[in-house]
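[1] Need a 3D model of the following:
(2 chains)
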Number of protein chains: 2
Amino acid sequence: MRMSSYFLPTLKETPSEAQIVSHRLMLRAGMIRQTSAGIYAWLPLGWKVLQKVSQIVREEQDRAGAQELLMPTIQSADLWKQSGRYEAYGKEMLRITDRHDREMLFGPTNEEMITDIFKTFVKSYKDLPRNLYHIQWKFRDEVRPRFGVMRGREFLMKDNYSFDLDAEGARLSYRKMFLAYLRTFARMGIKAIPMRADTGPIGGDLSHEFIILADTGESQVFCDKQWLDMDVLADNPDANGDLKDFFTKYTSIYAATEEMHDAAKAPADLVTARGIEVGHIFYFGTKYSAPMGAVVTGPDGQPVTVEMGSYGIGVSRVVAALIEASHDDAGIIWPDQVAPYKVALINLKADDEACRTTCDGLYARLQDAGVDVIYDDRNERPGAKFADMDLIGIPWQLTIGPRGLKAGTAELKRRATGEKLELPLEEALAKVMA
Amino acid sequence: MRMSSYFLPTLKETPSEAQIVSHRLMLRAGMIRQTSAGIYAWLPLGWKVLQKVSQIVREEQDRAGAQELLMPTIQSADLWKQSGRYEAYGKEMLRITDRHDREMLFGPTNEEMITDIFKTFVKSYKDLPRNLYHIQWKFRDEVRPRFGVMRGREFLMKDNYSFDLDAEGARLSYRKMFLAYLRTFARMGIKAIPMRADTGPIGGDLSHEFIILADTGESQVFCDKQWLDMDVLADNPDANGDLKDFFTKYTSIYAATEEMHDAAKAPADLVTARGIEVGHIFYFGTKYSAPMGAVVTGPDGQPVTVEMGSYGIGVSRVVAALIEASHDDAGIIWPDQVAPYKVALINLKADDEACRTTCDGLYARLQDAGVDVIYDDRNERPGAKFADMDLIGIPWQLTIGPRGLKAGTAELKRRATGEKLELPLEEALAKVMA
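    Residues are numbered from 1 along each chain as shown, chains lettered A, B, ... in the order given. Presented below is the predicted three-dimensional model:
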C-alpha cells in the first residue's frame, strides 16, 4: 500500500478522552474511529489487524475440528425465554421491537440459538460429537462503555459450542479447546495463561479464563514463574489423542485471578502481575440442552440429553490487548504474526529521482514476493515518516535515502529492539523477505 | 471435509414454505436455517459459498483501488437527522433505543456514517480521490420478508463510497466501479448486465443496476442480443486509463428494466428475459456531502464540497441469484469459481477395505495439492450419495467403487453437463487437479 493514497489518518496529539494506552494508540495510529459511545468503525489499518487476528483464531478452530458457520446478529426473544435468560440478562441486552411488535434482541452470545439449530438437525448419537463456531459481532449495552474496543458495546467475538453424548466426551471437547486456545494466542506472539475461573452467568462446573499479562492490565493475577517459560507450540501435544497428560500438566501449574487466588496454595516462585482476559471456556453439561430439548437417540435407542460446552475469544478485544502487552513510548510494536504489514519501505526523499526509482522497484519486488509492504512515498520530512512507522508498529523498517543509495546501502531497523543496520541493499531485502 | 463428520443437514423433502427455487435448494442443501422471519443462520456449506463470493467482491474492489474498512452495524440516529433521511426512511429502518434512551438504528446503508468519517479526517484536495468499502450485515425491516436470503431482513452487503474533488473525477470513479462490477460477476461465472436505473431514495443523476438473467428472475428485462456474447474479462480494459471508450461501449448497447424500457429505442435483436438485481451504483454529487459539511480545501485555497458516489452489491443475495441462474431438477450447479468444494470424492462402498484405503489416499493427495474436496466416507447407499452431491452442486464427482478399482479406474462426472467418463485413476485425478 502506498501511503500517499492510503486512508490512514494518524494523529500527532494524544486524544484526551482515551484513558488506556491501547485506546490512545489505536486512535493515534488511525486504526479506529468512534461512531457512537462504545461503538467503533475499524479504519483500514485496524481492519487489517482484526482480519489477521481472526484468521489465526479460525485456523486453530478448524485444526481442532470445529466447523464454521455464521449466525445472525438479531435474534428472537422467544429463544431466550426458553432458556430462562431473557429476563435474567438485564439491561446489558439490547432489546429491539420490530415493525410487527415482535420482541427481538442483538445477540450478546449464542448458546440458545446454536442449541436450537443443533436440535433441529441432529437426532442420533452417530452424528456426535459436533463443534460449531462463528466469528460474529455481538452487542452488550454496557452502562459506561470505555477503554476503546477493550470494553466496547459492539464487539467481535469468536464463540463456539460443543455437543457430546456424555460427560467424558464433553471433557475431551473441553481439552481440545483448551489446547486450541493456548495455540491461538501463542501463534499471535503472546502468552495467554489459563486460569481456573468462576462460571458466572453462563453456568457449569468447569471453566478457565485465558489471561494475557500486560503491565497495564485491568486486573491483578498470580502465577507460578514456570508459566513464563511454557511453550505450547514447542510441546505440540497430539491433538488427536486424549490430551489428558497435556491438560493435567497445564492445569497443575499454579495460576489464579485475584478472586480465585489462595496464598496458602501458591508456590514459592510466584509472579504477581496485571492481566487482561481475552478468552473464556466453559463446560456446563445440560444447562441449555435440557430446557431446550436437545436430545439424541443413544446407542441403546434411549433418548440422551446432550452435554455441552461453550468457548469464547473476544477477537476485537485481543487487538487492544496485544497493544497493551506490546508497545513503547513511540507507539505500537506488533508481533510479526499479526502485524498489518511486515515491512515499511521508507523513501527518505520522495522528490529525488534515484530514490523514487529504487523504491518503486523495491516495492514491486516485495509485492511480487507476496510480502505485505507499506510504502511511504509521501513528500514529508524524514522525522514525520519515522514517527508514523514507529507509531503504527511495523516490524521492519527499510529506509532508502540519497546518501545510502550512492553507497548501495539501505538502513534496516527492527521495530521491537530499535536495532539499526546499514546493509547492502540486496542483503537488507533478503532479510525482510526471509 | 469428511461427510461423516460434516454438519451438512441435507433434506430429502422440499420445504413447503419456500416459494422460489433458490430458497428451496438452499434449505434442502443444508446451506441456511431460518432463525426468525427473514433472518437466517448460514450453515457451514452456505457460509463457505458466502465467503467465496465475498472474496471475489473484495479482490475486485481492491483491484479498483477501493480500500476496505468496517463500519459497525449499530448507528446513531443523529447522523441520519443531519442528512434528513431519518424520518424519510420509514418503517424499513430498524429503530432501537439503548439503555440511556438514545435513538439508535441497525444500519440499512452507510452514506451518512462514511461521510462523517471522511469529513473528520480528510481536509485537503491532495488526499483525493478516496474510495472506501466494507462488507457488513445490514438490516431492512421488510414488511413481508420472503424468498429466503433473496429478500431477507438481515443481509450481507458490500457498499462503497467514492469522494472526488469535482464531477469529472466522480464520473471516473463511477466508471471504475462500473468495470469492477462487470468483472466481479464475470469472475463468479455469471453474466450481469448493467441497466440504466432510477436513482430512487439514494438520489443522484446517474445510476445503473446490475441484473443477472435467470428464468426464475423477479422482474422482466430487455437487452440487445449482443449482450449475451460480451466478455469483459476478455476485453480487459485498462483499469488505470480513463475508461471512457469502455464505458461508452458498454452503455450504448441496449439494456433496460421494465420501468425504463422504451420499445421505440429497442434494437431489432431484442432479448426479453427475467432478471435479478444484484448490484446498484449511483453518482449523486453533493447530496450527502453538502448537508453534512464534507468540504476540503481546493488547490486555490477555497473550500470545495466533495462529489460522491455509492456502490452496492447484495452479497448474500448473489448466492441465491447464482442458484436461480444455475440449477436443474437434481439441485444446484455451482459455477467452479464459487463452488464450496471443487471435487466430491465418493466412496461407493465405505465398508470395503480396498475402497476405503484408496479413497483415504486420494483425499490426502487432493488436500495436499490444495484442492477443496468433500469426501463422502459415509456408509450409505450409492443412490443417496449421488443425490446429495447433485443437490449441493459440486462441479466434479470422482467416484471410487469395488468394480472400477479392480480395473484401476474411477468414474468422473461433470455436474454441469452430466457427462460421465470411466478413466484410469491417475488420469481422473489429474483432470480434477488441473
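
[2] From the contact counts, what lies against the strand with the most length in chain A?
    With secondary structure taken from DSSP state E, chain A has its longest strand at strand A:270-285. Packed against strand A:270-285 by the contact rule (3 or more Cβ pairs under 8 Å, 6 or more residues apart in numbering or on different chains; DSSP states H and E) you find helix A:167-187, strand A:192-196, strand A:206-213, strand A:219-224, strand A:307-314, helix A:315-325. No exception for glycine: its C-beta is placed from N, CA and C like everyone else's.

[3] looking at those, which is closest to chain B?
    For the helices and strands packed on strand A:270-285, proximity to chain B was assessed by Cβ to the nearest Cβ; helix A:315-325 is nearest, at 10.0 Å.

[4] Now do the helix or strand just after that closest one, average pLDDT.
    Later in the chain than helix A:315-325, the nearest helix or strand by DSSP states H and E is strand A:327-328. Over the span of strand A:327-328, the pLDDT mean works out to 97.

[5] helices or strands up against strand A:327-328?
    Under the contact definition 3+ Cβ pairs under 8 Å, 6+ apart, strand A:327-328 sits against helix A:21-28.

[6] returning to that earlier point: would you mark the buried spots in the longest strand of chain A?
    Of all the residues in strand A:270-285, those buried under the rule 16 or more other Cβ atoms under 10 Å in any protein chain shown are A:271, A:273-285.

[7] Ok, stretch A:48-60 next?
    Using 16+ other Cβ under 10 Å as the burial criterion, the residues of stretch A:48-60 that qualify are A:Lys48, A:Val49, A:Leu50, A:Lys52, A:Val53, A:Ser54, A:Ile56, A:Val57, A:Arg58, A:Glu60.

[8] A:Ala256 should be in a strand, yeah?
    Yes: with DSSP: H, G, I helix; E, B strand; the rest coil as the criterion, A:Ala256 is part of a strand.

[9] doesn't A:Arg196 make contact with it?
    Yes: the pair A:Ala256 and A:Arg196 qualifies as a contact (Cβ atoms under 8 Å) at a distance of 6.7 Å.

[10] Neighbour count for those two, which is higher?
    Applying other Cβ atoms under 10 Å in any protein chain shown to A:Ala256 and A:Arg196 shows that A:Ala256 carries more neighbours, namely 22 against 14.

[11] any idea how far the more buried one is from chain B?
    Remark: distance between A:Ala256 and chain B (Cβ to the nearest Cβ, to the nearest Å) = 33 Å.

[12] Now that residue. Nearest residue, chain neighbours left out?
    For A:Ala256, the nearest residue in space outside its immediate sequence neighbours is A:Phe222; the separation is 5.1 Å by Cβ to Cβ, 6 or more residues apart in numbering or on different chains.

[13] And the one you found, how far from B:Asp231?
    From A:Phe222 over to B:Asp231 the distance is 66 Å, taken as Cβ to Cβ, to the nearest Å.

[14] And the two? Which one has more around it.
    A:Phe222 (21 against 10).

[15] mind listing what A:Leu421 touches?
    Contacts for A:Leu421 (Cβ atoms under 8 Å, 6 or more residues apart in numbering or on different chains) come out as A:Glu411, A:Leu412, A:Lys413, A:Ala428.

[16] Sheet partners, orientation included, of the one helix or strand it maps to?
    Assignment of secondary structure by DSSP H and E places A:Leu421 within strand A:420-424. Partners of strand A:420-424 in the sheet, by DSSP bridges, are strand A:409-414 (antiparallel).

[17] and the strand it pairs with, how far from the chain's centre?
    31 Å (Cα atoms, centre = their mean, to the nearest Å).

[18] Among the buried residues of stretch A:48-60, which lie within helices?
    A:Lys48, A:Val49, A:Leu50, A:Lys52, A:Val53, A:Ser54, A:Ile56, A:Val57, A:Arg58, A:Glu60 (DSSP state H).

[19] and the gap between A:Cys223 and A:Tyr250?
    Per Cβ to Cβ, A:Cys223 is found 12 Å from A:Tyr250.

[20] Same question for A:Gln367.
    Spatial separation of A:Gln367 from A:Tyr250 under the definition Cβ to Cβ is 41 Å.

[21] ok so, going back, how about the CA coordinates for the next helix or strand after the strand holding A:Leu421, as PDB?
    On the C-terminal side of strand A:420-424, the closest following helix or strand by DSSP H and E is helix A:425-433. What follows is helix A:425-433 as a C-alpha-only set of coordinates in PDB (Å, rounded to 0.1, in the frame of the first residue of the first chain):
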ATOM      1  CA  LEU A 425      20.600  -3.200  -0.500                       C
ATOM      2  CA  GLU A 426      20.100  -6.800  -1.600                       C
ATOM      3  CA  GLU A 427      21.100  -8.100   1.800                       C
ATOM      4  CA  ALA A 428      18.600  -5.900   3.500                       C
ATOM      5  CA  LEU A 429      15.900  -7.000   1.100                       C
ATOM      6  CA  ALA A 430      16.800 -10.700   1.600                       C
ATOM      7  CA  LYS A 431      16.400 -10.200   5.400                       C
ATOM      8  CA  VAL A 432      12.900  -8.800   5.200                       C
ATOM      9  CA  MET A 433      11.900 -11.400   2.600                       C
END
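
[22] List the buried residues for helix A:425-433?
    A:Leu425, A:Ala428, A:Leu429, A:Lys431, A:Val432.

[23] so the first one makes contact with A:Glu411?
    So the one you mean is A:Leu425. No: between A:Leu425 and A:Glu411 there is no contact under Cβ under 8 Å: 10.4 Å.

[24] A:Glu92 reaches A:Pro108, doesn't it?
    Yes: distance between A:Glu92 and A:Pro108: 6.6 Å, which falls inside the contact criterion (Cβ under 8 Å).

[25] Quick check: neighbours shared by those two?
    Listed contacts common to A:Glu92 and A:Pro108 are A:Arg140; contacts here mean Cβ under 8 Å, 6+ apart.

[26] Who has more neighbours out of these two?
    Just comparing A:Glu92 and A:Pro108: by other Cβ under 10 Å the higher neighbour count belongs to A:Pro108, 18 against 14.

[27] contacting residues for that one?
    A:Pro108 neighbours (Cβ under 8 Å, 6+ apart): A:Tyr89, A:Glu92, A:Met93, A:Leu94, A:Lys138, A:Phe139, A:Arg140.

[28] Nearest residue to it in space, please, no chain neighbours.
    Once chain neighbours are set aside, the closest to A:Pro108 by Cβ to Cβ, 6+ apart is A:Arg140, at 5.0 Å.

[29] what's the spacing between that neighbour and chain B?
    Per Cβ to the nearest Cβ, A:Arg140 is found 10 Å from chain B.

[30] What is the neighbour count of that residue?
    A count of neighbours around A:Arg140, defined by other Cβ under 10 Å, yields 21.

[31] show me what contacts it?
    The neighbourhood of A:Arg140, defined by Cβ under 8 Å, 6+ apart, consists of A:Glu92, A:Met93, A:Leu94, A:Pro108, A:Arg153, A:Phe155.

[32] pLDDT added to those, as TSV?
    As requested, the contacts of A:Arg140 are exported to TSV (pLDDT from 0 to 100):
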residue	pLDDT
A:Glu92	95
A:Met93	96
A:Leu94	97
A:Pro108	96
A:Arg153	97
A:Phe155	98
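
[33] quick one: which of these is nearest to chain B?
    Of all the contacts of A:Arg140, chain B sits closest to A:Leu94, with 6.6 Å by Cβ to the nearest Cβ.

[34] ok, the closest one - contacts?
    Taking Cβ under 8 Å, 6+ apart, we find A:Leu94 in contact with A:Leu105, A:Phe106, A:Pro108, A:Phe139, A:Arg140, A:Asp141, A:Arg153, B:Ile74, B:Ile96, B:Asp98.
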